[in-house]
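Chemist: Need a 3D model of the sequence below.
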Amino acid sequence: MNTSTRSLGIRRKNSEMSEETRQKIVEAAENVFCEKGVCNSTIEDIALRAGMTRGAVYWHFRDKHEILCAVLKSVRFPIEDVSPGQSFEDSCNRIKAAFLETIKMPHALRVAKILLHTSVLTNNQSPVHLRLTSIRLHLKAYFEQVLKSAILNGELPKSIDEEELYVLAVTFRAVLTGLLFELMLELDEKTLASEVDLSLTSFFQLIQLNSGKE
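Modeler: From the prediction side, this is the model:
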């Protein structure tokens, strides 16, 4: 092995080790933030959980804010990637499935808890505010698209106007947000799954009943 090949191998190994260390810090921070809250957590807490020194943490991250950004970017919730189905019922089933999938992801639940229980929302550019805003906008846009498709397909009446679409989409988002808070109560998976299925199914049925469709 020549010198250049050996140097390349060393650099690659060092890069991999650096990424592993960084990931270890992010995972430790996720657990600390979830347990203690972002405001009550310190770099020392994160370093202790990660099994390393504060200096090692600072080597990879400037401050707690940067670590929080990395934690929030480390997961995408299934509801963020769900796409409308071929019918209103199909779309409803997809969002339910995505939510139920979240219940089985401890990593996603910890990040959800951080998002919903963090008080650092005074700055509109804070990572928590931006992440929540992104999710909220996605959920509203998703359901508006589902409703418009249902109207075009004759599954919902054409009499539903833009104002009603807006109200329904915002209500849908509120239902999901409420369910996320329920997840934070740390109920058993079977109970959570049952509550999610019942809540969303009832909501979708109410929309159809109130619009004269069953």
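
Chemist: which secondary structure elements does whatever helix or strand V196 lives in contact?
Modeler: V196 is part of helix 189-210, with elements assigned from DSSP states H and E. Applying 3 or more C-beta pairs under 8 Å, 6 or more residues apart in numbering; DSSP states H and E, one finds that helix 189-210 makes contact with helix 88-103, helix 162-183. For every residue, glycine as well, the C-beta is placed using N, CA and C.

Chemist: quick one: low-confidence ranges for this protein?
Modeler: Within the chain, the stretches with pLDDT under 70 are 1-17, 119-125, 182-187, 189, 210-214.

Chemist: so is N31 in a helix, a strand, or just coil?
Modeler: The local conformation at N31, judged by DSSP: H, G, I helix; E, B strand; the rest coil, is helix.

Chemist: Surely it touches R49?
Modeler: Yes - counting by C-beta atoms under 8 Å, R49 is a contact partner of N31 at 6.1 Å.

Chemist: secondary structure element for A112?
Modeler: helix 106-117.

Chemist: tally of neighbours for S83?
Modeler: For S83, the neighbour count with other C-beta atoms under 10 Å is 10.

Chemist: same thing with E89?
Modeler: What E89 shows, counting by other C-beta under 10 Å, is a neighbour count of 13.

Chemist: and what of T118?
Modeler: 20.

Chemist: circling back: I'd like the helices and strands packed on helix 189-210 laid out as a markdown table, including distance to T191.
Modeler: What follows is those, written out as a markdown table (distance: least, C-beta to C-beta, whole Å):
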| stretch | distance to T191 |
| --- | --- |
| helix 88-103 | 10 |
| helix 162-183 | 9 |
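
Chemist: Tell me which of the ones you listed sits nearest to L130.
Modeler: Ranking these by distance to L130, with C-beta to C-beta as the measure, places helix 162-183 first at 16.6 Å.

Chemist: domain assignment for this protein?
Modeler: As given by automatic domain parsing, the domain ranges for the chain are 3-73, 78-210.

Chemist: now G178: how far from T171?
Modeler: Distance, G178 to T171, by C-beta to C-beta, to the nearest Å: 10 Å.

Chemist: Alright, calling it a day.
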